[in-house]
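[1] Model the structure of this input:
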Amino acid sequence: MNAFDQMGEQIQTLRKQKGWSQKRLAELSGLDRTTIGSLERNDYSDIGIRKVQRVLGLLGKSLVLADIGLPTLEQLQSQKDR
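    Residues are numbered from 1 along each chain as shown. The predicted structure is shown next:
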């Protein structure tokens, strides 16, 4: 399972840590409660990236672009030096 597949679970966990219901998170984000439920179920079929970013921002998270594949020599060396 990759990070994208885990996003819904992470959204749900973070929401619960804040003590918010799906309805409360929906109100804060200006979205519908069913949209929040869809996000938590990893159902992104009709949800734009701006809505995802809005929800993640309220939860103190953001989307990040990351390189994929094998690490570079520099990355391996920097990890070794830590």
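[2] which residues touch stretch 38-50?
    5, 7, 8, 9, 11, 12, 15, 22, 35, 52, 55, 63 (Cβ atoms under 8 Å, 6 or more residues apart in numbering). Quick note: C-beta positions are derived from backbone N, CA and C, even for glycine.
[3] Looking at those, which is nearest residue 70?
    Within the contacts of stretch 38-50, distances to residue 70 taken as Cβ to Cβ reach their minimum at residue 5, with 21.3 Å.
[4] what's the helix or strand for that closest one?
    Per DSSP states H and E: residue 5 is located in helix 3-17.
[5] Okay, now the unreliable bits of this protein?
    Residues of the chain meeting the criterion pLDDT under 70: 1-2, 81-82.
[6] Walking through it, point out its helices one by one.
    3-17, 22-29, 33-40, 49-58, 73-80 (DSSP state H).
[7] Return the most buried member of those.
    Greatest average neighbour count among the helices of the chain goes to helix 33-40 (a mean of 18), per mean count of other Cβ atoms under 10 Å.
[8] rewinding a little: any chance of the contacts of stretch 38-50 in TSV with distance to residue 41 as columns?
    Output for the contacts of stretch 38-50, formatted as TSV (distance: Cβ to Cβ, whole Å):
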residue	distance to residue 41
5	11
7	11
8	6
9	10
11	10
12	9
15	13
22	11
35	11
52	13
55	13
63	18
